[in-house]
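Participant: Take this sequence and fold it.
(one chain, ligands or ions: 1)
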Amino acid sequence: MVVKTFFITTPIFYPNDRLHLGHAYAMIMADIIVRYKSSQGYQVYFQTGSDDHGEKIEKKALSLNSSPQELVDKNVSLFQQLWKELGILEHVFYRTSSPNHHFKIKNIFTKLLEQGDIYLSEYQGKYCITCEDYVSKSKAINHNFCPTCQAELRTINEPAYFLRVSKYYSQLIEHYRKNPDFLLPNNARKELFSNFLKEEIPNLCITRSDINWGIPVPGQQKMVIYVWFEALLNYINSAEGENKFNDSKAEIVHLIGKEIVRFHAIYWPIILFFLNKRLPNKILVHGWLITPTGKMSKSKGNVFDPLGLLKKYPADLIRTYLIAKINFFQDGVFSEDLLSNFYQDFLVNNLSNLVSRISKMVHLYNGGIIPEFNSDKSLENYHHECLYLVKEFQVKMDKYKLTDAFCQIKNFLDSSNKMISDLVPWKLFQEKKYIFLNQVLNHLVNRIKIISFLLNSIIPNTSKEIYKVFNINSDEINWDNCLNFSFLSKVKIKKVEKHLYEPRK
Ligand code: MSP
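Facilitator: Numbering: from 1, shown residues only. I've put the predicted structure just below:
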């Protein structure tokens, strides 16, 4: 059997500060995709990292009386702690201040210079330090403010090298024409076209002369390479990335936030054209976590510290909240009250409650043993619901409609509760309808098995707890047998003394 390869990346984060929950969002969504793709039999590679250079970091270090390297090292260790606490699976953590990256970037710069694709000129214009972005006159708000983050722009006037991105404008447009799903969702693509690709794109300035914290331009004492140019190259500079971008069969997906679409959807493919490399299959653009005061961001002072939240709430709550309440391709609101309500509504009242109810009934009516499966015509519709759930969940996940996929599970939980109130197992027991009661119990346990299997990509800790109750071996359950109702026949299950999640005091 040929093993399919899947390579997913998140943006590499700026370590000028601690990360907030908005940053953690991308990692959690990527982790959910990684777990799902692994369950589907893919060999999965997952890359993230830190974008260590740039003016923003140089300035911040200066203000703290620290060296930029010390500052980024300190913050990167907090990133890694966060990924651990959020249950993020094993991944490549790539750092742009690594000697490997410096070496490769200098080689790429030299190669492109020799090819004549990079040329020396002069940059005169505006620059946003927060976004590390050159802002054209036509896009600046009131000539002086960044259209993305509203920060005041700085005027730059310096000798600089440029990359001839205009050379590949037509090829890029052609790529979009042939691959309508290259950039998802569709409105991200529409915006890109109406804002930036309507006409030829200007060449990109790829060096800075008035900062020091960066990768030196080969042969130029006073210049460093523009942070975005080298940061994008992280995707192919790691050993794994290099491998995947040389493998035409690997499925490559970049997950990014919406303010960095231009870099990934214009410059990155063009850089790959210059280097004669294949393109990724997809660029997925997620929305922002917003609060009543707008996008969650340090500069607005409205951020939630995920490490702080993790001291109060389980990682699985944060993970489910984000997939359930922030519609994957759109903005969504976060507040601690909403998080806390969701804990009660979903984890306590819905999921834990169903697990306890079903395990209790198996103990009360069948001595804690899951009854054998015997197909009963009257349960046929309920069976169809299970088949439908498993199919639809995969359809949605395969289209990266993560929130819709979660909604399928949520609806199924509701219909499982309804099934209990419609069939009233305690009445069947009183009326001594044991044969049918056993079929209902077998069916309900199997519903929980399916739910916990699907939830395993989203809330792995909770799913493992449910597996323990129903004696499900996590190494044995898979897409084929999750719908096999004989899989758990005659298995003894645990008594749930305490709900998986108790109401908060
Ligand atoms: N260093 C660049 C990325 C380079 S990738 C070659 C960068 N770093 S960042 O730390 O500022 O942002 C990283 C990611 O976090 C971006 O995709 C951004 O959209 C995301 N988020 C930052 N704030 C966010 C929210 N409030 N909500 C959701 N995601 C947000 O950009």
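
Participant: In this protein, what residue lies closest to the ligand?
Facilitator: Here the residue of the chain nearest the ligand is G257; by C-beta to the nearest ligand atom that distance is 1.6 Å. The way it works is simple: take the backbone N, C-alpha and C, and place the C-beta from them, glycine included.

Participant: show me what contacts that residue?
Facilitator: 11, 22, 26, 285-288 (C-beta atoms under 8 Å, 6 or more residues apart in numbering).

Participant: tell me the pLDDT at it?
Facilitator: What the model reports as pLDDT for G257 is 98.

Participant: helices or strands next to the helix or strand hosting I105 in the packing?
Facilitator: In the assignment (DSSP states H and E), I105 maps to helix 99-114. Secondary-structure packing of helix 99-114 (3 or more C-beta pairs under 8 Å, 6 or more residues apart in numbering; DSSP states H and E): helix 234-237.

Participant: So which bits of the very next helix or strand once past the helix it packs on are buried?
Facilitator: Downstream of helix 234-237, the first helix or strand assigned by DSSP H and E is helix 239-245. Along helix 239-245, these residues count as buried under the neighbour rule (16 or more other C-beta atoms under 10 Å): 240-241, 244-245.

Participant: Next one: W83 from T10, what distance?
Facilitator: 10 Å (C-beta to C-beta, to the nearest Å).

Participant: higher neighbour count, the two?
Facilitator: T10 (23 against 20; other C-beta atoms under 10 Å).

Participant: I'd like to check which residues are in contact with that one.
Facilitator: 26-27, 30, 47-48, 255-256.

Participant: correct me, but I32 touches Y400?
Facilitator: No. Counting by C-beta atoms under 8 Å, I32 does not reach Y400; the two are 10.2 Å apart.

Participant: Would you agree F334 is in contact with T291?
Facilitator: Yes. Between F334 and T291 there is a contact at 6.4 Å, judged by C-beta under 8 Å.

Participant: Quick check on these two: which one has the bigger neighbour count.
Facilitator: F334 (22 against 18).

Participant: Could you look up the SS state of the spatially closest residue to P202 that is not a sequence neighbour?
Facilitator: Residue nearest to P202 in three dimensions, not counting chain neighbours: S166, with 6.9 Å by C-beta to C-beta, 6 or more residues apart in numbering. Look at S166: counting by DSSP: H, G, I helix; E, B strand; the rest coil, its state is helix.

Participant: Any idea which helix or strand in this protein has the lowest mean pLDDT?
Facilitator: Lowest by mean pLDDT, DSSP states H and E among the helices and strands of the chain is strand 294-295, with a mean of 88.

Participant: That one pairs with which strands, parallel or anti?
Facilitator: If you go by DSSP bridges, strand 294-295 pairs up with strand 289-291 (antiparallel).

Participant: Check whether the strand it pairs with comes near the ligand.
Facilitator: Yes. Against the ligand, strand 289-291 shows contacts by C-beta under 6 Å from any ligand atom at L289.

Participant: ditto for stretch 332-348
Facilitator: No. On the criterion C-beta under 6 Å from any ligand atom, stretch 332-348 is out of touch with the ligand, staying 8.4 Å away.

Participant: who's in contact with that stretch?
Facilitator: Under C-beta under 8 Å, 6+ apart, the answer for stretch 332-348 is 21, 287, 289-292, 296, 304, 309, 313, 316-318, 320-322, 324-326, 410, 462, 499-504.

Participant: So which bits of it are buried?
Facilitator: Buried residues in stretch 332-348 (16+ other C-beta under 10 Å): 332, 334, 339, 342-343, 346-348.

Participant: pLDDT and secondary structure added to the residues you listed, as CSV?
Facilitator: CSV is the format used below for those (pLDDT from 0 to 100; DSSP: H, G, I helix; E, B strand; the rest coil):
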residue, pLDDT, secondary structure
G332, 97, strand
F334, 96, coil
L339, 97, helix
F342, 98, helix
Y343, 98, helix
F346, 97, helix
L347, 98, helix
V348, 97, helix
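
Participant: show me where the stretch 301-450 of the chain has helices.
Facilitator: 306-312, 315-325, 336-342, 353-366, 380-398, 402-423, 425-430, 434-455 (DSSP state H, counting those that start in this stretch).

Participant: Adding distance to L192, write those helices out as TSV.
Facilitator: Listed next are the helices of the stretch 301-450 of the chain as TSV, based on distance: least, C-beta to C-beta, whole Å:
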stretch	distance to L192
helix 306-312	30
helix 315-325	25
helix 336-342	31
helix 353-366	43
helix 380-398	24
helix 402-423	22
helix 425-430	55
helix 434-455	33
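
Participant: can you tell which of those helices is closest to L62?
Facilitator: helix 306-312 (25.6 Å; C-beta to C-beta).

Participant: Dump the C-alpha coordinates for that closest one into CSV.
Facilitator: C-alpha atoms of helix 306-312 as CSV (Å, rounded to 0.1, in the frame of the first residue of the first chain):
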residue,chain,number,x,y,z
PRO,A,306,-3.4,31.0,26.9
LEU,A,307,-1.0,29.8,29.5
GLY,A,308,-3.1,31.8,32.1
LEU,A,309,-6.3,30.3,30.8
LEU,A,310,-4.8,26.8,31.0
LYS,A,311,-4.2,27.3,34.7
LYS,A,312,-8.0,27.6,35.1
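
Participant: Many thanks, I have nothing further to ask.
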